[in-house]
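*Asks:* show me how the following folds:
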Amino acid sequence: MYILGNFLAATAKVLDIVLVLYMWIIIIRALLSWVNPDPYNPIVQFLYNVTEPVLYRIRRAIPMSGMGIDFAPIVVLLAIIFLQSFLVSSLAQFAMQLQ
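*Replies:* Numbering: from 1, shown residues only. Okay, here's the model as predicted:
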């Protein structure tokens with residue numbers, strides 16, 4: 001059972017790292033929206049391509065037109081924090097019990 005415990009611990013760690021990286025990508029995307037970045041810049045295109053599918057689904061699910069502020073990045077950040085607090089912690093604790 002210790003192999004399964006180690007596998008779950010590694011999965012929890014990798015998932016935590018991926019969520020932290022995506023959180024920073026969302027933050028950078030939100031900060032870029034305050035300025036007018038060059039849309040042909042490869043870094044800006046990468047950020048838009050990685051974040052737009054998730055942000056689009058949030059915008060479609062929670063219509064906030066007319067407010068002037070895009071709350072979709074905040075909703076995604078809250079979801080990431082929830083996943084870190086619930087899913088990653090639960091996986092890590094379950095892995096500790098198996099070891």
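
*Asks:* could you give the number of residues near the residue nearest to Val76 when sequence neighbours are not counted?
*Replies:* Distance criterion CB to CB, 6 or more residues apart in numbering; nearest residue to Val76, sequence neighbours excluded, is Ile26 at 5.4 Å. No exception for glycine: its C-beta is placed from N, CA and C like everyone else's. Ile26 has 22 neighbouring residues, counting by other CB atoms under 10 Å.

*Asks:* Ile43 and Asn49, how far apart?
*Replies:* Applying CB to CB, to the nearest Å, the value for Ile43 to Asn49 is 11 Å.

*Asks:* could I get the buried residue list for the longest helix along the chain?
*Replies:* Counting residues, the longest helix found in the chain (DSSP state H) is helix 2-32. Burial within helix 2-32, assessed by neighbour count using 16 or more other CB atoms under 10 Å, is assigned to Leu8, Ala9, Ala12, Leu15, Asp16, Leu19, Tyr22, Met23, Ile26, Arg29, Ala30, Leu32.
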